[in-house]
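Q: below is the sequence, then the predicted model.
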Amino acid sequence: MRDQQASRSFDVINTTLILLFVLLCLAPFIHIIAISLSSARAIMSGEVSILPVEINWGAYKQVFTDSSMIRSLGFTVMLTVLFTVFCMLMSIAAAYPLSKTKLKGRKVVMFIIVITMFFSGGIIPEYMLVRNLHLLDSIWALVLPGLISPFYLIILITFFQGIPDSLEESAEIDGSSYFRTMVSIIIPLSMPVIATLSLFYAVGRWNGFTDTLMYITSPEMYPLQLKLYQLVNNNMVSELMQAEGASGGQMLQPEGLKAASVIFATVPILIVYPWLQRYFVSGVMLGAVKG
Amino acid sequence: MVLKGTAYLRRYWQLYALLILPVSYFIIFKYGPMYGILIAFKDFNFFQGINGSEWIGFDGFKEVFAMPDFFKVLRNTLMLNFLDLIVSFPAPLFLAIMLYELKIVWFKKLSQTILYIPHFISWVIIGGIVYQVFGTQSGMINNILMSFGLDAIPFLTDKKDWLITYLVVGVWQSAGWGTIIYLAALTGINRELFEAADVDGAGRLRKIFSITLPSLKPTIVTLLIINLGHMIAIGFERPYIIGNTAVRDYADVLSTFVYRIGIESGQYTIATVVGLFQAIVGLVFVLGANYTSKKLADQSII
């Protein structure tokens, strides 16, 4: 009886703690939503924490009528789709031949690829390369340098190797070429892993910031992250000015607008989140078990 | 059937054709920058390019090793990674065990779903959130502190307080997602062990310490070694976005330093040297970690 009671109280404490952690995890988002819906006066006087004060949708109206924001969203969607399609085409083209262990020269190619997982030229040489190829300030600077991730490639190769040889052999007997076997047998059988890796690439591109900061200078090609960063950075500057005692109030973007922009950039990720979660968890398992 | 020369190629040319673009990609975009490492040994300027610039041998290295700033960012890199190891490494372990002990299935699933979200949020967005939550003037935490009559804490502008911000944000972002690998390992536990423990009258905590934790030991050791192998590697976005000039004494790390002196100030030789230093030391660390892992756990991590 006492054991059961102890076990029961363990469950109560454990569940309560997890609930607390979940709320702590959500609190920042809830706060930002509250800020985005509150009046400027309420935000400035520090009244807003979890619930919006003096609700209004003005900040969102401003975000959605800001043509540069909408253009940035459109550009990011295009960039992400372009990048993901290119990545998958290249990865599949690499993984199919490399999944054939008997192919002559396979080891050399694998060696060339695996080396790059451990050693890279570094930020400056990469920047110089993009510059020398005249890719600076073009969408290709954000697409080409990251086309194949060796980690994801190895996951794909391993998956291809798991497909029974008999399927391919029977196609071969029927006179199917390697191209046809790849397109009509291997790719359809690999849709789950292709979906997973596509999401990996897409999320990486959507959230990517470093290369946009280094390579993009024209405002009309600002991806969402870079656009948002400028807004937030403007924030930091004001925080610093206030810390140093200066009054930098006039130039500031209203807090509500910034919060609404953060929400605006977060929502697309949350929309695809159910798929993200499902495929990412399975992807981590693929990497952990076989990689 | 052994095919030779042209016959072999005629049969397999399609496979080689598929490899042309991917291999070209690796040569151009991965090995191309390796060629660019030559910048570290040259007095680089744009007009003469990499080939035309004058050789200076190891003068760039001498200059870097004489820079106080270099040692400061090196220290910061190790310090932030070490603090992260202490704070962010155990967090997912505890969280995973707590989730594993949850009895109500729907609540467990819902909790996991929510706890994973921060992993998918970009650092730029996190930066925006951090400002709203930790800001001194109108941040949520300071609003709450001040409403209790306490002094505001300059989480973003005082370097020591900023460390707390950096670490808390790290835990918030990574702890939930980090549980996945532990939860996967936990599904492998033989349930009979728990039943046997029940028969022996073991309590819940007893079972955690005697069954759950020991069965996670290989995972913990492997992850710890991987983490130690990455002590000198540090992402760019987290310190760059959460940091600011007021806390540069702590927030400036190797990656942000390379960006600042290289891309922003145009001291390409110096920046390339620092990057090369980081790449080489990083490689030694990773290989060392792998060696240790092989010796210790009989398991290669690479």
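A: Received it, and whenever you're ready, just let me know what you need. Residues are numbered from 1 along each chain as shown, chains lettered A, B, ... in the order given.
Q: C-alpha from now on. contacts and neighbour counts both.
A: OK.
Q: low-confidence stretches in the stretch 151-291 of chain A?
A: For the stretch 151-291 of chain A, the stretches with pLDDT under 70 are A:235-253, A:285-291.
Q: not counting sequence-adjacent ones, nearest residue to the residue of it found nearest chain B?
A: Per CA to the nearest CA, A:Asn207 is where the stretch 151-291 of chain A lies closest to chain B, at 4.8 Å. Spatial nearest neighbour of A:Asn207, excluding adjacent residues (CA to CA, 6 or more residues apart in numbering or on different chains): B:Ser122 at 4.8 Å.
Q: tell me the phi and psi of the one you found?
A: phi -70, psi 160 (degrees, to the nearest 10).
Q: A:Ile269: how many residues sit nearby?
A: 18 (other CA atoms under 10 Å in any protein chain shown).
Q: check contacts around B:Val87.
A: By CA atoms under 8 Å, 6 or more residues apart in numbering or on different chains, B:Val87 lies in contact with B:167, B:171.
Q: element containing it?
A: Taking DSSP states H and E as the criterion, B:Val87 maps to helix B:68-88.
Q: who in the stretch 51-200 of chain A is up against chain B?
A: Contact residues (CA under 8 Å from any CA of the partner chain) of the stretch 51-200 of chain A with chain B: A:90-91, A:93-94, A:96-97, A:109, A:112-113, A:116, A:118-126, A:128-129, A:144-145, A:147-148, A:178-179.
Q: report the buried members of those.
A: Buried by 16 or more other CA atoms under 10 Å in any protein chain shown: A:90-91, A:93-94, A:96-97, A:109, A:112-113, A:116, A:119-126, A:128-129, A:144-145, A:147-148, A:178-179, out of these.
Q: in helices, which of the residues you listed fall?
A: Using DSSP state H, A:90-91, A:93-94, A:96-97, A:109, A:112-113, A:116, A:123-126, A:128-129, A:178-179 are the members of these that sit in helices.
Q: now do the phi/psi pair for B:Glu54.
A: Dihedral angles for B:Glu54 - degrees, to the nearest 10 - are phi -80, psi 140.
Q: wait, doesn't it sit right on B:Lys42?
A: Yes. Counting by CA atoms under 8 Å, B:Glu54 touches B:Lys42, with 5.4 Å between them.
Q: between these two, which one's more packed in?
A: Remark: of B:Glu54 and B:Lys42, B:Lys42 carries more neighbours, 22 against 15, as counted by other CA under 10 Å.
Q: now the more buried one: how far from A:Ser261?
A: The gap separating B:Lys42 from A:Ser261 is 44 Å, by CA to CA, to the nearest Å.
Q: okay, the residue in the stretch 101-250 of chain A positioned nearest to chain B: pLDDT?
A: Nearest residue of the stretch 101-250 of chain A to chain B, counting by CA to the nearest CA: A:Gly121, 4.2 Å away. A:Gly121 carries a pLDDT value of 89.
Q: could you do the one 4 residues further on as well?
A: A:Pro125 carries a pLDDT score of 95 in this model.
Q: quick check, B:Tyr259 in contact with A:Ile123.
A: Yes. Between B:Tyr259 and A:Ile123 there is a contact under CA under 8 Å: 7.4 Å.
Q: quick one, what contacts the residue of the stretch 101-250 of chain A closest to chain B?
A: B:30-37, B:275-276, B:279.
Q: what strand or helix carries B:Leu193?
A: helix B:191-199.
Q: please state the offset of the helix or strand just after that helix from the chain centre?
A: As assigned by DSSP H and E, the chain's next helix or strand after helix B:191-199 is helix B:204-207. From the chain centre to the centre of helix B:204-207 is a distance of 33 Å (CA atoms, centre = their mean, to the nearest Å).
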